[in-house]
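Novice: Fold the following.
(chains A and B)
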Amino acid sequence: QQPVQSPQAVILREGEDAVINCSSSKALYSVHWYRQKHGEAPVFLMILLKGGEQKGHEKISASFNEKKQQSSLYLTASQLSYSGTYFCGTEGYMGETSGSRLTFGEGTQLTVNP
Amino acid sequence: EAGVAQSPRYKIIEKRQSVAFWCNPISGHATLYWYQQILGQGPKLLIQFQNNGVVDDSQLPKDRFSAERLKGVDSTLKIQPAKLEDSAVYLCASSSRHQSGEKLFFGSGTQLSVL
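Specialist: Numbering: from 1, shown residues only, chains lettered A, B, ... in the order given. A predicted model of the protein is given here:
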């Protein structure tokens, strides 16, 4: 089942912060975050596995609350390069030999203006 | 490290025609995915291969879509005959291991326009 992302779109000025949310109606094993710029392929940002860990990469971090089946992506002190569409992908546990079934949300369009 | 290669980059066809897309995953990646991304939406999984076997094709419209991965490396996705609603970007992705929690590497996609 497709995860739900919010907001659908956000416009920031350079240096401002943003939060993008992703929620699912089913139990999750992991949440993936990808960023896609116009006309380009989605690029991997991070994976969060069940356990409620928080990960970060420079000024982009994320959390995963497995009990609530939710994840949030935090962008702090946004830069112009952060502009793009952010997708969360969710998967339930399918075992070590059954592979991954990643289902993507509709995306959140982020625009960072000077 | 070379990325996922896809061709062609763009394709324009008329409805009821046939079209094929090609994908070469990252060397050594066992799992290969084909996604369909309609404008303004998230990628939707069409089919997933583990080596040259199909793991999941539950969302593939099998009356018109087919895919194969010969020798567990390259893959082709075919649409025959195409419909207007098939207009989308077709993304190929690969991952190194066949298990949950593996990140995907995407190709640049093939943008298909059906007129």
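Novice: got the contact list for the residue positioned nearest the centre of chain B?
Specialist: Of all residues in chain B, the one closest to the mean position by C-alpha atoms, centre = their mean is B:Trp34, 2.8 Å from it. Listed by C-beta atoms under 8 Å, 6 or more residues apart in numbering or on different chains, the contact partners of B:Trp34 are B:23, B:45-48, B:67, B:75, B:77, B:90-92. C-beta coordinates here come from the backbone N, C-alpha and C atoms, glycine included.
Novice: which residues of chain B score low on pLDDT?
Specialist: Applying pLDDT under 70 to chain B flags residues B:1, B:98-101.
Novice: Distance of the residue nearest to the centre of chain B relative to B:Phe21?
Specialist: B:Trp34 sits 8 Å away from B:Phe21, going by C-beta to C-beta, to the nearest Å.
Novice: overlap in contacts of these two?
Specialist: The contact lists of B:Trp34 and B:Phe21 share B:77, B:90, B:92, where a contact means C-beta under 8 Å, 6+ apart.
Novice: could you pick out which of the residues you listed are near chain A?
Specialist: When C-beta under 8 Å from any C-beta of the partner chain is applied, no member of those is adjacent to chain A.
Novice: B:Ile47 reaches B:Asp57, doesn't it?
Specialist: Yes: between B:Ile47 and B:Asp57 there is a contact under C-beta atoms under 8 Å: 4.4 Å.
Novice: Quick check: neighbours shared by these two?
Specialist: Common contact partners of B:Ile47 and B:Asp57 (C-beta under 8 Å, 6+ apart): B:Ala67.
Novice: Please say which of these two ends up with more neighbours.
Specialist: Neighbours per residue (other C-beta atoms under 10 Å in any protein chain shown) separate B:Ile47 from B:Asp57, with B:Ile47 holding more: 24 against 17.
Novice: wait, what's in contact with that one?
Specialist: By C-beta under 8 Å, 6+ apart, B:Ile47 lies in contact with B:33-34, B:54, B:56-57, B:59-60, B:67, B:77.
Novice: Quick check: residues of chain B near chain A?
Specialist: So far as C-beta under 8 Å from any C-beta goes, chain B lies against chain A at B:4, B:31, B:33, B:40-45, B:48, B:50, B:55-56, B:91, B:95, B:98-109.
Novice: Which strand or helix spans residue 67?
Specialist: Picked chain A for this. In the assignment (DSSP states H and E), A:Lys67 maps to no helix and no strand.
Novice: my bad, the chain I had in mind was chain B
Specialist: Element membership for B:Ala67, per DSSP H and E: strand B:65-68.
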